[in-house]
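Enquirer: how would this look folded up:
(4 chains)
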There are 2 protein chains.
Amino acid sequence: MTHSEENYLKGIYHLSKGGSVAVATNAIAAQMDTKPSSVTDMVKRLSEKGLVDYRKYQGVSLTESGNRQALKIIRKHRLWELFLVEKLDFKWDQVHEIAEQLEHIESEVLIDRLDALLEYPDYDPHGDPIPDKNGVFKTREKKLLSAMPVPSEGQFVGVKDSSATFLRFLDRHRIALGKKVSILEKEEFDKSMRIRLDGEAFRISHQIASNLYIKPNNAS
Amino acid sequence: MTHSEENYLKGIYHLSKGGSVAVATNAIAAQMDTKPSSVTDMVKRLSEKGLVDYRKYQGVSLTESGNRQALKIIRKHRLWELFLVEKLDFKWDQVHEIAEQLEHIESEVLIDRLDALLEYPDYDPHGDPIPDKNGVFKTREKKLLSAMPVPSEGQFVGVKDSSATFLRFLDRHRIALGKKVSILEKEEFDKSMRIRLDGEAFRISHQIASNLYIKPNNAS
DNA sequence: AATAAAATTTAGACAAATCTAAAAATTTGT
DNA sequence: ACAAATTTTTAGATTTGTCTAAATTTTATT
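Expert: Down below sits the predicted model:
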């Protein structure tokens, strides 16, 4: 498989939410930052290789085999991201671009060794689950902060937007995965929320709240 | 720069022994396992980018800029090889192919961090010097085992042939970099040699002796 | 120095991945 | 349901890196 083919599989996987939902040509083009005509071309190639199911004008979905490949690439990407943070002291906003390159390195052993070095981790630096050798990954209850009831409590477990800009914003506000958070109130008008973090209460916009995943406290 | 361009620069660097000696099209084709006509094509592209000096039918040499680039790629290759051996428990015969891929990852920071993690090493697992950030590397006195006087003593410091086959042969004979060796005798007829290693004497063929680098003992 | 051999380059072709512009199919709105 | 808008595909072109076969240049031989 070429790098480009791998990138398309990963893109289609994300758009179809890992499932077998059919994805539109235009959606793929947007995701891959390319033109719809290029997508049509590539999708035909992937279809010939048995990696996607494709019927003209009807959208694309991953085959069993395509799904397996996509999960392999995602596994590699997330392991490399964690490696960069854990072993090379990168910040969580600096790892994506490098992992985009590293995910295409071909070597099963390499990835297994990396997995071992990192002690078989379940989640990457952004809280996304890392598939194991067989493509199986942990799922956990999580809600967008914006969807949490008021009042309630929970813990940051992931980000929906993982752009460097957003991640650095979170750093500046001391918001980090693993931290406890209390949801204090929600403003009807602009959907902004007041939350308490590290004993300090402050307000965050809906934009922010709708890009942060929380694991709700069962007790609440 | 594309992967292919990088590979050509590296190939030309090796053939010209790091110097500015002109290299023949056919030699490059052999090194890169490709056709001479493909080399001509690529060399023209590299020439337009100012990475090589090229005059039709007269061979190719690296420019200042081309040399700098080549050293960067070699630095990356060797650091990754050492990383694989030191941190991921690979054997020295398993790292080349993976490093061939990893050497093309683009990120200055990544390589600097890797360099730091490995504590700024001078040599890779095959005894080849690792250029620093500025392309500067250590040189040390070394001779082919086949060129050592009889009797004499020294220490294994490198391999000329670093094919997996040869490296595994060395493993089976307990020959490893850093070990002391005594050269006992040399057979006129077939140039085979008797050497002592770990207190045990044995015979090795000229083929082997001419692919092993020794640092001679100054005292002898 | 002429010719044969070897090395190198050119010409033309191909596959991968992309693009633009135009055509075709599907979906939407009334 | 039918026209308009949108989406998707096709056709044809471009770039990179490669190839084969033919032409050209250089080198070696007599």
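Enquirer: so the residue nearest in space to the middle of chain A versus A:D161, what's the distance?
Expert: Centroid-nearest residue in chain A, with CA atoms, centre = their mean: A:D128, separated by 5.2 Å. The spacing between A:D128 and A:D161, counted by CB to CB, to the nearest Å, is 12 Å. From N, CA and C alone the C-beta is placed, and that goes for glycine too.
Enquirer: just A:K17 next, same as before
Expert: Per CB to CB, A:K17 is found 16 Å from A:D161.
Enquirer: what's the answer for A:A27, then?
Expert: Plainly put, A:A27 is 18 Å away from A:D161 if you go by CB to CB.
Enquirer: mind checking the SS state of the closest residue to A:K10 other than its chain neighbours?
Expert: Counting by CB to CB, 6 or more residues apart in numbering or on different chains, A:K10 lies nearest to A:I73, which is 5.1 Å off, once chain neighbours are set aside. Following DSSP: H, G, I helix; E, B strand; the rest coil, the label given to A:I73 is helix.
Enquirer: identify each buried residue in stretch A:187-204, please.
Expert: For stretch A:187-204, burial by neighbour count (16 or more other CB atoms under 10 Å in any protein chain shown) applies to A:S192, A:M193, A:R194, A:I195, A:L197, A:I204.
Enquirer: actually stretch A:144-155, not the one I typed
Expert: Result for stretch A:144-155 [16+ other CB under 10 Å]: buried residues A:L145, A:S146, A:M148, A:E153, A:G154.
Enquirer: tell me the span between the first and last residue of that stretch.
Expert: 11 Å (CA to CA, to the nearest Å).
Enquirer: thought A:G158 was touching the residue nearest to the centre of chain A, still the case?
Expert: Yes - the pair A:D128 and A:G158 passes the contact test of CB atoms under 8 Å, sitting 6.5 Å apart.
Enquirer: next one, pLDDT for A:V21 please.
Expert: Per-residue confidence (pLDDT) for A:V21: 87.
Enquirer: now it: how far from DNA strand D?
Expert: In this view, A:V21 and DNA strand D are 13 Å apart by CB to the nearest atom of the strand, to the nearest Å.
Enquirer: which one is A:D89 nearest to, not counting chain neighbours?
Expert: Leaving aside its chain neighbours, A:D89 sits nearest to B:R113 (6.6 Å; criterion: CB to CB, 6+ apart).
Enquirer: give me the pLDDT value at that neighbour.
Expert: 98.
Enquirer: cool, and the one 3 residues further on?
Expert: Among the per-residue scores, B:A116 shows a pLDDT of 98.
Enquirer: mind listing what's buried in stretch A:68-80?
Expert: Of the residues in stretch A:68-80, A:Q69, A:A70, A:L71, A:K72, A:I73, A:I74, A:R75, A:K76, A:H77, A:R78, A:L79, A:W80 count as buried by neighbour count, 16+ other CB under 10 Å.
Enquirer: list just the nearest of the residues you listed to DNA strand D.
Expert: A:A70 (19.4 Å; CB to the nearest atom of the strand).
Enquirer: check which helix or strand covers that closest one.
Expert: Using DSSP states H and E, A:A70 maps to helix A:64-88.
Enquirer: show me what the next helix or strand after that helix is packed against.
Expert: Next in sequence after helix A:64-88, counting helices and strands by DSSP H and E, comes helix A:96-102. When contacts are defined as 3 or more CB pairs under 8 Å, 6 or more residues apart in numbering or on different chains; DSSP states H and E, helix A:96-102 packs onto helix A:64-88.
Enquirer: quick one: the helix it packs on to chain centroid distance?
Expert: Put simply, helix A:64-88 sits 11 Å off its chain's centre (CA atoms, centre = their mean, to the nearest Å).
Enquirer: now do that helix against helix B:64-88, angle only.
Expert: Relative orientation of helix A:64-88 and helix B:64-88, computed by axes from the mean of the first three to the mean of the last three CA atoms, to 10 degrees: 90 degrees.
Enquirer: quick one: average confidence on helix A:64-88?
Expert: 97.
Enquirer: over to stretch A:39-55?
Expert: Mean predicted confidence for stretch A:39-55 is 95.
Enquirer: report whether it contacts DNA strand C.
Expert: Yes - using CB under 7 Å from any atom of the strand, we find that stretch A:39-55 touches DNA strand C at A:D41, A:M42, A:R45.
Enquirer: residue farthest from the centroid of chain A?
Expert: What lies farthest from the middle of chain A is A:F189; by CA atoms, centre = their mean that is 30.0 Å.
Enquirer: quick one: pLDDT of it?
Expert: pLDDT recorded at A:F189 is 93.
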